[in-house]
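**Q** Quick one, fold the following:
(one chain, ligands or ions: 2)
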Amino acid sequence: MADFPAVEFNRLPHPAPVGLAERNSALANPGFGTVFSDHMVSIDWTDGLGWHNAKVGPREPITLDPAAAVLHYAQEIFEGLKAYRLSDGGTALFRPDANARRFNESAKRLAMPEIPEETFIGAVRELVAADADWFPSVEGGSLYLRPFMFASEPFLGVRPAKQYKFLVIASPAGNYFKSGAPAVSIWVSSDYTRAAPGGTGAAKCGGNYAASLVPQAEAIARGHDQVVFLDAAEHKYIEELGGMNLFFVFDDGRMVTPPLTGTILPGITRDSLLALAREEGLTVSEERYSLDQWRKDAESGKLVETFACGTAAVVTPVGKVAGHDGEFTIGSGGPGQMTSKLREKLVGIQRGTVPDTHGWVTRLD
Ligand code: PLP
Ligand code: COI
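**A** Ligands and ions are numbered 1, 2, ... in the order given. Sure, this is the predicted structure:
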């Protein structure tokens, strides 16, 4: 943790925010990632000076020198978390401390400065307060928050930059998947991998997502919703989707998810669901699970459910799996019982309708 003093935010309210009619229409059907709120947070970091110039002000384009290191060597990391409207009308964040910690883990891997957790959470709080009118009205909607940091120093040598910008933007969000289908279909990539041992798979850096675009496009072109990656060393074991972790549920009360060996993102939804599943009495383990075994277990009926999870996609049932060797169906092809139960419990905690026994919910008002 960097030992710089806590930053003070300069508050500059937007002089001309989006009009009420336009905002209401955007909030009624926001989809994912295309609608943005009025404000943003920005904080600068300079070698020797640390974090400074913190402000929450109008959301606006940023100016970068064409030699800014991020544009050349992709020194960039991000986070994704949501602010929820609670059943009692208040608002809350879900485990923002976990996002702050993961952000700093990503920062370390990308040779970037860490940001004090209280500054990270403070920045998110400032933005939600400034954009409190931007919670979607659609059922299941939330205010998706995107903190990110990039190297802004103009310098073409390959070394960690000496200047960075940390920003937070907000995007009202509804469903991540456009189709609204009850279960998604996923394509197993055998030509591409997402992350190799020793690489950046466990970090939330933009480059991982850039590298996932071709396999993801391949999945879409073949008529599937998402790509699933296998391990880079043996091309055998299931890792994760481009932006979600995976869980497997068996008929004997076991639930399995791939272990955090450094090549998959340590999802906060994943971690929360591991705890909730244990409370449901499931025998939970983090262990490697191969594509071959997945197919065999689905065909024999031993494997009854598979679901993907993440902040953006929440808990999404997987109904069909396809790859170069053909395809197989999971259970009935629709949402499984345990998947729905865990989803309801998680969403209930996030919305304040299920008691938060883990201290995961941070009330904002
Ligand atoms: N895996 C990847 C590659 C992701 O991008 C995400 C999304 O953040 C996840 C898993 C799920 O993580 P979380 O539950 O923290 O959103
Ligand atoms: C998230 O779930 O927050 C993600 O970052 C996944 C994706 C939108 C990149």
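**Q** ok, the residue of the stretch 151-300 of the chain found nearest ligand 2 - how many residues close by?
**A** Proximity to ligand 2, evaluated over the stretch 151-300 of the chain using C-beta to the nearest ligand atom, is greatest for G243 at 3.3 Å. In this view, the C-beta of every residue, glycine as well, is placed from N, C-alpha and C. By other C-beta atoms under 10 Å, the residues close to G243 number 21.
**Q** Equivalent analysis for P147, please.
**A** P147, neighbours per other C-beta under 10 Å, totals 24.
**Q** For it, what are phi and psi?
**A** When read as degrees, to the nearest 10, the backbone of P147 gives phi -80, psi 140.
**Q** show me the contacts for it.
**A** For P147, the contact set (C-beta atoms under 8 Å, 6 or more residues apart in numbering) comprises F78, E79, L81, N99, F103, F120, A123, V124, F166, L167, V168.
**Q** let's go with 6 Å and repeat that
**A** If you count contacts by C-beta atoms under 6 Å, 6 or more residues apart in numbering, P147 has them with E79, V168.
**Q** Quick check: bridge partners of it?
**A** V168 (DSSP bridges).
**Q** pLDDT score assigned to it?
**A** The model reports P147 with a pLDDT of 98.
**Q** so how far is D225 from the residue of the stretch 151-300 of the chain closest to ligand 2?
**A** Separation of G243 from D225 (C-beta to C-beta, to the nearest Å): 11 Å.
**Q** The nearest residue to A202 once chain neighbours are set aside in helix, strand or coil?
**A** With C-beta to C-beta, 6 or more residues apart in numbering as the criterion, A202 has its nearest non-adjacent residue at 5.1 Å, and that residue is G262. Put simply, G262 is coil when judged by DSSP: H, G, I helix; E, B strand; the rest coil.
**Q** Tell me the confidence at the residue of the stretch 51-200 of the chain at minimum distance from ligand 1?
**A** Nearest residue of the stretch 51-200 of the chain to ligand 1 (C-beta to the nearest ligand atom) works out as G80 at 4.8 Å. pLDDT recorded at G80 is 98.
**Q** Return the residues in contact with it.
**A** T311.
**Q** so how far is L342 from it?
**A** Taken as C-beta to C-beta, the span from G80 to L342 is 20 Å.
**Q** quick one: low-confidence parts of the protein?
**A** Low-confidence segments of the chain, defined by pLDDT under 70: 1-6, 178-180.
**Q** interface residues of it facing ligand 2?
**A** Within the chain, the positions adjacent to ligand 2 are G80, Y209, G243, G310, T311, A312 by C-beta under 6 Å from any ligand atom.
**Q** From the residues you listed, which land in helices?
**A** Y209 (DSSP state H).
**Q** got the residue ranges for the helices in the protein?
**A** Going by DSSP H, the chain shows helices at 20-28, 69-73, 96-109, 117-130, 206-221, 268-279, 291-300, 337-351.
**Q** of all these, which lies closest to I238?
**A** Among the helices of the chain, helix 291-300 comes nearest to I238, with 6.2 Å by C-beta to C-beta.
**Q** Which positions in that closest one come out as buried?
**A** L291, Q293, W294, R295, D297, A298 (16 or more other C-beta atoms under 10 Å).
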